[in-house]
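A.B. asks: my questions concern the predicted model and sequence given below.
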Amino acid sequence: MYKAAVIGDSASVSGFAALGLSVFRETEPEKVSKLISRLAANDFAVIYITEPAAALVTDTIAKYRSCKLPAIILIPAIEGNTGDGMRALHEAVEKAVGSDILN
Amino acid sequence: MARLNVNPTRMELSKLKKKLASARRGHKLLKDKRDELMRQFMNLIRENRQLRNEVEKAINEANRYMAVAGSVMQREVLETALMLPKQEVELEVNDKNVMSVYIPEFKPKFRTEDTNDIYSYGMAFTSIDLDGAVSALSAVFPMMIRLAEVEKACQLMADEIEKTRRRVNALEHIMIPDYEETIKYITMKLSENERSTTTSLMKVKEMVLKDSHHYH
């Protein structure tokens, strides 16, 4: 059985604990990066990460992009949306189609 | 276009003809694969965008509740309230094969039967906004799982489409023209050889006739 995790600052991710997701309150680049690697190796199928936290570890996230698991999904932090999640989607389109056709 | 470095023999010619045929066939198949992947990708990306909009909106909503809860309650109380969750979620992962891209499908399994049983705290010492935040998150959770599925599928398919597109291009613009050119080269070379043999034969014949019959 696989598990799901949420990574980000305490205020943004606490609520997810109630849903039964594993919550990791981590906002330092190295720690987040190590944490992602550890989770990926430990049967975590989905990792939700807040956009500000994800911005610190873009390399690590890019590394797992072409792996089947885990799926690393950006979610907005408590400060609001930075648009990084949507940007990743546009990047995927650009990669596949050759140009960003989603206006 | 570069001609391949092969000897102009019949052997090579028939080998190359076979290679060209399979390259053409491979090209057609890969092109079909690319088109079909692209079609499915466009559907997925549309769903992905819509889901992401909805999930982001819902999480922002929940975060607003959370911010209010955080301001009316003490940080510690809030953390304590959420410290021991009642609910636990596990994911069942199945593979789905879409045009030989294996994409994961997630099926959440909750520990407790009742998915509404998510409040891990008594109602007495917590703000109502915390309830709002938790219930908003719980409502959006199925969508978040679907988002994870779709987003992962999009990433994997984008990779595969890129790879397939490169292969199609390599076949179309490099391998097939190279084969064609080499085949043409060998054919010309062979027929040139034939002509040269014919002419020398004619020459020899002439010489022989001249010798035996004293023709001029």
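C.D. replies: Thanks, I have the structure now.
A.B. asks: quick one, strands of chain B?
C.D. replies: Listed in chain order, the strands of chain B (DSSP state E) span residues B:89-98, B:101-110.
A.B. asks: out of the ones you listed, which is closest to chain A?
C.D. replies: Closest to chain A of the strands of chain B is strand B:89-98 (C-beta to the nearest C-beta; 4.0 Å). Quick note: C-beta positions are derived from backbone N, CA and C, even for glycine.
A.B. asks: and the closest one, what's its mean pLDDT?
C.D. replies: Averaging pLDDT along strand B:89-98 gives 86.
A.B. asks: B:I183 is in contact with B:R3, correct?
C.D. replies: No. Using C-beta atoms under 8 Å, B:R3 is not in contact with B:I183; the gap is 9.9 Å.
A.B. asks: which one's more surrounded, the two?
C.D. replies: Neighbour count, other C-beta atoms under 10 Å in any protein chain shown: between B:R3 and B:I183, B:I183 has more, with 19 against 13.
A.B. asks: quick one: secondary structure of A:A88?
C.D. replies: With DSSP: H, G, I helix; E, B strand; the rest coil as the basis, A:A88 sits in helix.
A.B. asks: tell me what the lowest-mean-pLDDT helix or strand in chain B is packed against?
C.D. replies: Counting by mean pLDDT, DSSP states H and E, chain B has its least confident helix or strand at helix B:75-81, which shows a mean of 72. Secondary-structure packing of helix B:75-81 (3 or more C-beta pairs under 8 Å, 6 or more residues apart in numbering or on different chains; DSSP states H and E): helix A:10-17.
A.B. asks: which secondary structure elements does the helix or strand following the helix it packs on sit against?
C.D. replies: Beyond helix A:10-17 in the direction of the C-terminus, DSSP states H and E gives the next helix or strand as strand A:22-25. Applying 3+ C-beta pairs under 8 Å, 6+ apart, one finds that strand A:22-25 contacts strand A:3-8, helix A:10-17.
A.B. asks: can you pull the phi/psi pair for A:D100?
C.D. replies: The phi/psi pair for A:D100 (degrees, to the nearest 10) reads phi -80, psi 100.
A.B. asks: list the contacts for A:I73?
C.D. replies: Neighbour list for A:I73: A:V46, A:I47, A:Y48, A:I49, A:G85, B:M144, B:L147, B:A148, B:E151 [criterion: C-beta atoms under 8 Å, 6 or more residues apart in numbering or on different chains].
A.B. asks: repeat that with 7 Å
C.D. replies: A:V46, A:Y48, B:L147, B:A148, B:E151 (C-beta atoms under 7 Å, 6 or more residues apart in numbering or on different chains).
A.B. asks: SS state for the second one?
C.D. replies: Read that as A:Y48. Reduced to three states by three-state DSSP, A:Y48 is strand.
A.B. asks: so what's the residue count around it?
C.D. replies: Neighbourhood size, A:Y48 [other C-beta under 10 Å]: 24.
A.B. asks: next one: the third one
C.D. replies: By the measure other C-beta under 10 Å, the count of residues near B:L147 is 26.
A.B. asks: sorry, back to before: what is the most widely separated pair among the contacts of A:I73?
C.D. replies: Between any two of the contacts of A:I73, the greatest separation by C-beta to C-beta is 10.7 Å, found for A:Y48 and B:E151.
A.B. asks: give me the below-cutoff pLDDT ranges for chain A.
C.D. replies: The model of chain A has pLDDT under 70 over residues A:103.
A.B. asks: so which bits of chain A are right by chain B?
C.D. replies: Within chain A, the residues that sit near chain B (C-beta under 7 Å from any C-beta of the partner chain) are A:1-4, A:11-12, A:14-21, A:45-46, A:48, A:65-66, A:68-69, A:71, A:73, A:75-76, A:78, A:80-81, A:85-86, A:89, A:92-93, A:95-96, A:102.
A.B. asks: those residues, buried ones only, as a PyMOL selection?
C.D. replies: Applied in PyMOL, the following selects the buried portion of these according to 16 or more other C-beta atoms under 10 Å in any protein chain shown:
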select buried, chain A and resi 2+3+4+11+12+14+15+16+17+18+19+20+21+45+46+48+65+68+69+71+73+75+76+78+81+85+86+89+92+93+95+96
